[in-house]
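Asker: A structural model of the following input is requested.
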Amino acid sequence: MSRKNVISLLVIIASLAIIAPIGLSQLSMGQNLPKPVISKMAVLGNGIAINPNDLTDFKLVRAGIATVKLHFMGEERSITKGIIFLDQDRYVVNNIEFGNETIDAKLFVNGTEVGSLHLELTLKGNKGVWVGDISVNGETYKIYITDVKRKFQPSEVKEKISEFCKEHPAECVKNAKGIASAYCEKNPTDPSCREKIANYCKDHPKDQRCVALQKVYCLKHFEDQRCREFYSEYCEKNKESMFCNAFKVRATQKFCKNHPNARICKALQIERKLHFCLENPNSPECQQMIEIAKKNKKKFEEKAKLAVYCAYHQNETKCQEFCEVYPLACKQIPKLISVFNKTGIKGIKLPTHLTIPRGRR
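Answerer: Predicted coordinates:
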């Protein structure tokens, strides 16, 4: 999709979002239009829709679905709208329901319902792909929509970092160390501190501390296409990062639950089990790891030893990433060790250079 088409889709979505709450009557009276702000860009991409009963019946797809915030008459409103083109035919996407990495919606032409849409998020390499079904005028097609490149704009970086710092003040200040003052480190909940960090990152989005904040924010928001684009680019350059393993596991969570035999899901099976148990060390479901653990003992031992070490050395550089991706593993190590021992990996021991401080065993 060209940059021109991307901008065109975004303009259409913004227009739909503005008209919906205001109404045509107010527009005709010369009402000043509110400026829309993209809160969540769920879908922005192009692809193809194929009739499974007739492979010569296929349509080219361009699609955008977003939640837009509007400040109008003293109120803030959130409107979710979308647009989808099948070849040159245009459909408004409405009645949109978001699940965990899923979208269900209805399609309209001139206010009349003409079809429906169901999408599930998966990955191709590091690129987000929505797969599912679209029904229009009695015909059902298999649809594939690939994310196009659309990064966070500087103002959006500011907004999302401000949101993250409000929800996770201590983690915000930790990642932004050096941006915030010593006062902010002692008072991380002070609103002026998060605004200082957010404003700095608006002006310096590529600063490593701002990248770190985007990284931890996006780890929790893969439903946003801009976060998927962030990780797509980041993981091309940092293929061994634990964040990238977490990206693949979390972004395909719902898809793999529904399609466990899909190629990507089989490829991620071991990593998915490890990820789940590091996130949920006290869960009885981790007992399902027994056979996998016996076949992949070395991989499990490496993660377990790192988890044990990082529980007591969370400020060390090599542990900061691990504990950001697996915070519960760093807090519940005794339970984690118990889980690993039950799976057949007995007597986890640390190498001699990875020692737990005295008095903390």
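Asker: Doesn't E113 lie inside a strand?
Answerer: Yes: using DSSP: H, G, I helix; E, B strand; the rest coil, the secondary structure at E113 is a strand.
Asker: Please name the bridge partners of it.
Answerer: Beta-bridge partners of E113, counted by DSSP bridges, are F108.
Asker: That one contacts V92, doesn't it?
Answerer: No: if you go by CB atoms under 8 Å, E113 and V92 don't touch, sitting 10.0 Å apart. In this view, the C-beta of every residue, glycine as well, is placed from N, C-alpha and C.
Asker: Spit out the residues that contact these two alike.
Answerer: Common contacts of E113 and V92 (CB atoms under 8 Å, 6 or more residues apart in numbering): L107.
Asker: Among those two, which residue is more densely surrounded?
Answerer: V92 (19 against 11; other CB atoms under 10 Å).
Asker: Near E316, how many other residues are there?
Answerer: Look at E316: counted by other CB under 10 Å, it has 12 neighbours.
Asker: how near is it to I179?
Answerer: E316 sits 21 Å away from I179, going by CB to CB, to the nearest Å.
Asker: ok, now Q253?
Answerer: 32 Å.
Asker: Which of these two has more residues huddled nearby?
Answerer: Looking at Q253 and I179 with other CB under 10 Å, you find the greater number of neighbours at I179, namely 21 against 16.
Asker: Run through the strands of the stretch 51-200 of the chain in chain order.
Answerer: Taking DSSP state E, counting those that start in this stretch as the criterion, the stretch 51-200 of the chain contains strands spanning 54-72, 75-86, 89-98, 102-109, 112-124, 127-136, 139-147.
Asker: could you redo the ones you listed as TSV and give each row distance to K196 and mean pLDDT?
Answerer: Conversion of the strands of the stretch 51-200 of the chain to TSV gives the following (distance: least, CB to CB, whole Å; pLDDT from 0 to 100):
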stretch	distance to K196	mean pLDDT
strand 54-72	23	88
strand 75-86	23	87
strand 89-98	32	94
strand 102-109	36	95
strand 112-124	35	95
strand 127-136	32	95
strand 139-147	32	95
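Asker: Indicate which one of the ones you listed is closest to Y326.
Answerer: strand 112-124 (20.3 Å; CB to CB).
Asker: CA atoms of the closest one as CSV?
Answerer: C-alpha atoms of strand 112-124 as CSV (Å, rounded to 0.1, in the frame of the first residue of the first chain):
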residue,chain,number,x,y,z
THR,A,112,-27.6,-0.9,5.1
GLU,A,113,-25.9,-4.0,6.5
VAL,A,114,-24.5,-6.2,3.7
GLY,A,115,-22.1,-8.5,5.4
SER,A,116,-19.8,-9.4,8.2
LEU,A,117,-16.1,-9.7,9.0
HIS,A,118,-14.1,-12.0,11.4
LEU,A,119,-10.3,-11.7,11.8
GLU,A,120,-7.6,-13.3,13.9
LEU,A,121,-4.1,-12.0,14.3
THR,A,122,-1.1,-14.2,13.4
LEU,A,123,2.5,-13.5,12.2
LYS,A,124,4.5,-14.1,9.1
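Asker: other SSEs contacting that strand?
Answerer: Applying 3 or more CB pairs under 8 Å, 6 or more residues apart in numbering; DSSP states H and E, we find strand 112-124 packed against strand 89-98, strand 102-109, strand 127-136, strand 139-147, helix 242-251, helix 253-258.
Asker: can you list these in CSV and add distance to T80?
Answerer: Listed next are the helices and strands packed on strand 112-124 as CSV, based on distance: least, CB to CB, whole Å:
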stretch, distance to T80
strand 89-98, 5
strand 102-109, 9
strand 127-136, 16
strand 139-147, 17
helix 242-251, 20
helix 253-258, 19
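Asker: Relative to D57, which of the ones you listed is closest?
Answerer: Closest of the helices and strands packed on strand 112-124 to D57 is strand 139-147, at 7.9 Å (criterion: CB to CB).
Asker: The closest one pairs with which strands, parallel or anti?
Answerer: Strand 139-147 has the following sheet partners, assigned by DSSP bridges: strand 37-51 (antiparallel), strand 127-136 (antiparallel).
Asker: Do I have it right that C227 meets K215?
Answerer: No: C227 is beyond contact range of K215, at 9.6 Å (criterion: CB under 8 Å).
Asker: which of those two has more neighbours?
Answerer: Between C227 and K215, counted using other CB under 10 Å, C227 has the larger neighbour count: 24 against 21.
Asker: check which helix or strand covers the more buried one.
Answerer: helix 225-237 (DSSP states H and E).
Asker: now could you export just the CA positions of that helix as CSV?
Answerer: In CSV, the C-alpha atoms belonging to helix 225-237 read as follows (Å, rounded to 0.1, in the frame of the first residue of the first chain):
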residue,chain,number,x,y,z
GLN,A,225,-0.7,-2.0,14.6
ARG,A,226,1.8,0.6,15.5
CYS,A,227,3.2,-1.6,18.2
ARG,A,228,3.4,-4.5,15.8
GLU,A,229,5.3,-2.3,13.4
PHE,A,230,7.6,-1.2,16.2
TYR,A,231,8.4,-4.9,17.1
SER,A,232,8.7,-5.9,13.4
GLU,A,233,11.5,-3.4,13.0
TYR,A,234,13.1,-3.9,16.4
CYS,A,235,13.2,-7.7,16.0
GLU,A,236,14.8,-7.5,12.5
LYS,A,237,17.8,-6.0,14.3
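Asker: circling back: can you put the strands paired with strand 139-147 in a markdown table and add mean neighbour count and distance to R77?
Answerer: Putting those into a markdown table (neighbours: other CB atoms under 10 Å; distance: least, CB to CB, whole Å) gives the following:
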| stretch | mean neighbour count | distance to R77 |
| --- | --- | --- |
| strand 37-51 | 20 | 11 |
| strand 127-136 | 20 | 26 |
